[in-house]
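> Just need the structure, nothing else, for what follows:
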Amino acid sequence: MIKISRLNKTYNKLKALDNVDLFFEKGEIVALLGPNGSGKTTLLKSILGLVLPESGDIFVNGKNIKRDFRYREMIGYMPQTASYPENLKVEEVLKIIKDIRNKKEYEDELMKELKIEEMYCKKINALSQGMKQRLSAALTFLFDSDIIILDEPTAGLDPASADYLKMKILKEKTKGKLIIVTTHIISEVEELADRFIFMHEGRVKIEDGIDKLKVQNNGFRKSISNLFKEYEWS
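Numbers count the residues shown, from 1 in each chain. Just a heads-up that it's a prediction; the model follows:
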């Protein structure tokens, strides 16, 4: 569904992406792991078209995104920290985004579960960080997108909202959607992911499936912890 070939991106002298090759298939949840500054967010933003790599290619359903911006209609994106116009009400933000996406049917399950309607009359600048995260989560799934990209999705969410979101992620996978998630919470990787990709200094260091037997014996958690020690502390 998404193929990344020899992708490179540099910020000044920092190599954010270093010859990255990856493939993401529909119907899977992939956890993108790595220390801060490892290139995870740059990779996601490259897929979204928000960052332009110096070289390399990204293909979505066989089409090079350099020549077809319409692929973005297939993607739902939840950034780590969402930013909306502070003076607008939640209801107004929703209307603007719906008008931009121009779709007639909406997937409103998370809107109901996260009680977004109760915030309709509140201005964005009156929302707590957790409430903004709830709004962002609901918007990500609102358009029934084939590809879902989540950057630290449960950060700032209360436990109940985080549980609703994780249940929604697993449900959307059963519909054949591709879901890519970055997180530093290993339990979320264990709960959600089919495989993980570990990045460091712009490179893919490890790409592997999630061994459920290892998860049951707490071996997976230890393995991931050791990876962070090896690469972040070295």
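
> The residue nearest the centre of the chain bridge partners, please.
Centroid-nearest residue in the chain, with CA atoms, centre = their mean: Leu150, separated by 1.8 Å. Here Leu150 sits in beta bridges with Met78, Val181, going by DSSP bridges.

> Now do the helices for the protein: every range, in order, please.
For the chain, the helices defined by DSSP state H cover 40-48, 90-101, 109-113, 129-141, 159-173, 186-192, 212-216, 219-232.

> Reformat these as CSV; add mean pLDDT.
Output for the helices of the chain, formatted as CSV (pLDDT from 0 to 100):
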stretch, mean pLDDT
helix 40-48, 94
helix 90-101, 91
helix 109-113, 93
helix 129-141, 94
helix 159-173, 95
helix 186-192, 90
helix 212-216, 64
helix 219-232, 80
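
> Compare the ones you listed and give me the one nearest Ile180.
Nearest to Ile180, of all the helices of the chain, is helix 40-48, at 7.0 Å by CB to CB. Yep, even glycine has a C-beta here, placed from its N, CA and C like the rest.

> next one: that closest one to chain centre, how far?
From the chain centre to the centre of helix 40-48 is a distance of 9 Å (CA atoms, centre = their mean, to the nearest Å).

> next one: stretch 210-227
That offset, for stretch 210-227, works out to 22 Å (CA atoms, centre = their mean).

> If you count neighbours, what's buried in that stretch?
With burial defined by 16 or more other CB atoms under 10 Å, the residues of stretch 210-227 counted as buried are 210, 215, 220, 224, 227.

> still on that earlier bit, could you measure from the residue nearest to the centre of the chain over to Gln133?
Leu150 sits 11 Å away from Gln133, taking CB to CB, to the nearest Å as the criterion.

> Lys15 now?
Taken as CB to CB, the span from Lys15 to Gln133 is 31 Å.

> who's Tyr11 bridged to?
Counting by DSSP bridges, the residues bridging with Tyr11 are Leu14.

> show me the residues around Glu188 that make contact.
Residues counted as contacts of Glu188 (CB atoms under 8 Å, 6 or more residues apart in numbering) are 31, 154, 166, 181.

> The nearest residue to the first one once chain neighbours are set aside: neighbour count?
On the basis of CB to CB, 6 or more residues apart in numbering, the spatially nearest residue to Ala31 that is not a chain neighbour turns out to be Ala193, at 3.9 Å. One way to gauge burial is a neighbour count; for Ala193, by other CB atoms under 10 Å, it gives 23.
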